[in-house]
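In: Dropping the sequence and predicted coords here.
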Amino acid sequence: MKFTKIIATLAIAGLVLVSCKKEEDKNLANIKSVATAPKEHKAIAAENVQTASFKIEGMTCAMGCAKTIEKELADLDGVEKATVDFDKKTATVVFDKTVQNQDNFTKVVQATGDGKTYKVLNTKS
């Protein structure tokens, strides 16, 4: 009787592990497809195009810090292009001035860290 219970328990545990793995794989595939889907940018009317440049203090690496901030800025609505130069500690954002503003960029940069890691300085439009 003990042997039958052990076999039944192992069988149930195996089914649970296998079925959970398949569900996890489906969720992971959905996340990856959403994350890798290119963001479509709406065309910005020429009279609404504005460029903002600013310094970012607190970045410690090009791939982790700079690229993450660049992606966060580029993913904002109304942003046509965002570039972050780690070596110069600068960011340049081309955006629709009717949709975005410098305050939003500052908030996004600071929120990318813990609110204290990155500081935005010398804003120029």
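Out: Yes, it's here.
In: Just name the shakiest helix or strand of this protein by mean pLDDT.
Out: helix 2-36 (a mean of 55; mean pLDDT, DSSP states H and E).
In: How about the helix or strand just after that helix, which residues are buried there?
Out: Once helix 2-36 ends, the next helix or strand along the chain (criterion: DSSP states H and E) is strand 49-57. For strand 49-57, a neighbour-count test (16 or more other Cβ atoms under 10 Å) marks Gln50, Ala52, Phe54, Ile56 as buried. From N, CA and C alone the C-beta is placed, and that goes for glycine too.
In: I'd like the distance between the residue nearest the centre of the chain and Ile7.
Out: Against the mean C-alpha coordinate of the chain, by Cα atoms, centre = their mean, the closest residue is Glu72 at 4.9 Å. As judged by Cβ to Cβ, to the nearest Å, Glu72 and Ile7 stand 52 Å apart.
In: Next: Thr92.
Out: Per Cβ to Cβ, Thr92 is found 65 Å from Ile7.
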